[in-house]
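Peer 1: Make a model of this:
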Amino acid sequence: MLKPEILDPQGQAVQRALPRLGFEGISDVRQGKRFELEVDGPVDEAALARIHDLAESFLANTVIEDFTVKVESEDVVAGAAK
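Peer 2: Next up is the predicted model:
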């Protein structure tokens, strides 16, 4: 995601369009990007640390973007509930 102090014209355009589309009550929209990584083996602390380093050094432009790393089970990603 862009850092809060970085102008987000795409998010602003979406925000302005929402009332015309019948969506009220949305006070702000920020546009971002998402990467989904599938990990071989267990997602332990070491794997999370490597993924964090990957995101910080390669996937995110940390000058203007913030990022988070989170784990979702395959069931959640696929939309299935058990």
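Peer 1: Spit out the contact partners of the spatially most central residue of the chain.
Peer 2: Most central in the chain under CA atoms, centre = their mean is residue 34, positioned 4.4 Å from the mean C-alpha point. The contact partners of residue 34, by CB atoms under 8 Å, 6 or more residues apart in numbering, come to none. Backbone N, C-alpha and C define where each C-beta goes, glycine included.
Peer 1: how about it, secondary structure?
Peer 2: When classified by DSSP: H, G, I helix; E, B strand; the rest coil, residue 34 comes out as coil.
Peer 1: any idea how far the residue of the chain most remote from its centre lies from residue 13?
Peer 2: Most distant residue from the mean C-alpha position of the chain: residue 20, 25.9 Å away (CA atoms, centre = their mean). For residue 20, the distance to residue 13 equals 11 Å [CB to CB, to the nearest Å].
Peer 1: Other residues contacting stretch 48-58?
Peer 2: So stretch 48-58 is in contact with 35, 37, 39, 62, 67, 69, 71, going by CB under 8 Å, 6+ apart.
Peer 1: Most widely separated two among those residues?
Peer 2: Farthest pair in those (CB to CB) is 39 and 62. Separation: 22.1 Å.
Peer 1: Tell me if residue 68 really is in a helix.
Peer 2: No - with three-state DSSP as the criterion, residue 68 is assigned coil and is not in a helix.
Peer 1: how much space between it and residue 59?
Peer 2: Separation of residue 68 from residue 59 (CB to CB): 12 Å.
Peer 1: related to what we said a few turns ago, help me confirm that the residue farthest from the centre of the chain is found in a helix?
Peer 2: Yes - Residue 20 sits within a helix when classified using three-state DSSP.
Peer 1: Show the contacting residues for it.
Peer 2: Residues near residue 20 by CB under 8 Å, 6+ apart: none.
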